[in-house]
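Peer 1: how does the following fold in three dimensions:
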Amino acid sequence: MTRLTDPDRLDRIRARATAEGMFLQEAAALEVEDRLNEVNRTFTSPAVVTGFPEVWSRVFPDARIVPDTDTLDLTPGAHDLVIHGLTLHWANDPVGQIIQCHRALKPDGFFLGVMFGGQTLAELRAVMAEVEVARTGGLSPRVLPMGEIRDLGALLQRAGFALPAADSAPRTVTYRDAFALLHDLRAMGEGNAMTNRAGFTPRTYFAEVAARYADSFPAEQSRIAATFEMIFLAGWAPHASQQKPLRPGSAAARLAEALGTDETKLPREP
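Peer 2: Numbers count the residues shown, from 1 in each chain. As a prediction, the model looks like this:
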């Protein structure tokens, strides 16, 4: 089966990333730190899965840094916290990655992942599709497909996490033009690493993309707007002390009493 991501090309793209391009990685790491501060728990054996160790090790200096390869270098049951740091969108098997993180947790350990979601680069996708259809009548894979929050949240349940939760944090970044956006994506280490990526593209194509982008998605001061959606996934390794849903019929009071209303019985079917 053909894999979505070419890992060798992804490594080369990341090797060309720059410190200036790490602002979204840094923002994600700081947001994860803030969210962990809201959890009433002290973690003593954390691990971070990431393709950008310099960024995440600065924010989590006591964590074990693990490359985001297909098989994660995580010891089963060794950690009370596993963070997947803004690289899960490139995984060929995201469910497998989350399952491996789950296995690495001790009972009642916490998983917190962040990844780019489906609204990321929505403007660029739309403009590229319009230009390519107009020029060739078809579409080529140019921007990585990314999951929607409902589907991504379901991955936590499939992986066996208790109390799963998912939420979205979109942000808008403005650029001088589409060429500046594409330059920034390379600086982020987020270039096209898909296995079935488009081949050679003439510069006239990108010039047309830039012109259409400026017309369709303008921002203040003659700039353009680009959306980056971060989706956060959280769940706990099951443990007997955790909250569990009540069994059907086990409520101590009627719903009508709780709402302060009268209960009306429906007639039975004849």
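Peer 1: now the strands for the stretch 51-200 of the chain?
Peer 2: 64-67, 79-85, 105-116, 162-175 (DSSP state E, counting those that start in this stretch).
Peer 1: and the longest one, C-alpha only, in PDB?
Peer 2: These are the backbone C-alpha positions of strand 162-175, laid out as PDB (Å, rounded to 0.1, in the frame of the first residue of the first chain):
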ATOM      1  CA  ALA A 162     -10.700   7.200  28.700                       C
ATOM      2  CA  LEU A 163     -12.300  10.600  29.000                       C
ATOM      3  CA  PRO A 164     -11.300  11.600  25.400                       C
ATOM      4  CA  ALA A 165     -11.600  15.300  24.400                       C
ATOM      5  CA  ALA A 166     -10.700  17.200  21.200                       C
ATOM      6  CA  ASP A 167     -10.900  20.900  20.500                       C
ATOM      7  CA  SER A 168      -9.800  23.300  17.800                       C
ATOM      8  CA  ALA A 169      -7.700  26.500  18.000                       C
ATOM      9  CA  PRO A 170      -7.500  28.200  14.600                       C
ATOM     10  CA  ARG A 171      -5.300  31.200  14.100                       C
ATOM     11  CA  THR A 172      -4.900  33.600  11.200                       C
ATOM     12  CA  VAL A 173      -1.400  34.700  10.000                       C
ATOM     13  CA  THR A 174      -1.000  37.400   7.400                       C
ATOM     14  CA  TYR A 175       1.600  37.500   4.700                       C
END
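Peer 1: what does it contact?
Peer 2: Residues from elsewhere that reach strand 162-175 (Cβ atoms under 8 Å, 6 or more residues apart in numbering): 27, 31, 117, 119, 149, 152-153, 156-157, 181, 184, 219-221, 223-239, 242-243. Just so you know, the C-beta spots here come from the backbone N, C-alpha and C atoms, and that holds for glycine as well.
Peer 1: of those, which belong to helices?
Peer 2: Among the contacts of strand 162-175, DSSP state H puts Ala27, Glu31, Ile149, Leu152, Gly153, Leu156, Gln157, Leu181, Asp184 in helices.
Peer 1: rewinding a little: buried ones among the contacts of strand 162-175?
Peer 2: The neighbour count (16 or more other Cβ atoms under 10 Å) marks 27, 31, 117, 119, 149, 152-153, 156, 181, 184, 223-238 as buried among those.
Peer 1: and the closest residue to Met22 other than its chain neighbours, what does it touch?
Peer 2: Nearest non-adjacent residue to Met22, counting by Cβ to Cβ, 6 or more residues apart in numbering: Val55, 5.3 Å away. For Val55, the contact set (Cβ under 8 Å, 6+ apart) comprises Met22, Gln25, Glu26, Ala29, Gly85.
Peer 1: neighbour-wise, give me the winner out of these.
Peer 2: Among these, Gly85 has the most neighbours (other Cβ atoms under 10 Å), with 27 neighbours.
Peer 1: how close does that residue get to Ala211?
Peer 2: Plainly put, Gly85 is 36 Å away from Ala211 if you go by Cβ to Cβ, to the nearest Å.
Peer 1: now do the helices in the stretch 1-150 of the chain.
Peer 2: Along the stretch 1-150 of the chain, the stretches classed as helices by DSSP state H, counting those that start in this stretch are 7-15, 23-37, 53-59, 94-103, 122-136, 149-158.
Peer 1: out of those, which one sits most buried?
Peer 2: helix 94-103 (a mean of 20; mean count of other Cβ atoms under 10 Å).
Peer 1: what mean pLDDT does that one have?
Peer 2: For helix 94-103, mean pLDDT is 96.
Peer 1: got the contact list for that helix?
Peer 2: Where contact means Cβ under 8 Å, 6+ apart, the residues beyond helix 94-103 that reach it are 49, 68, 70-72, 74, 76-77, 82, 84, 88, 91, 111, 113, 115, 147, 152, 155-156, 158-161, 233, 235, 237.
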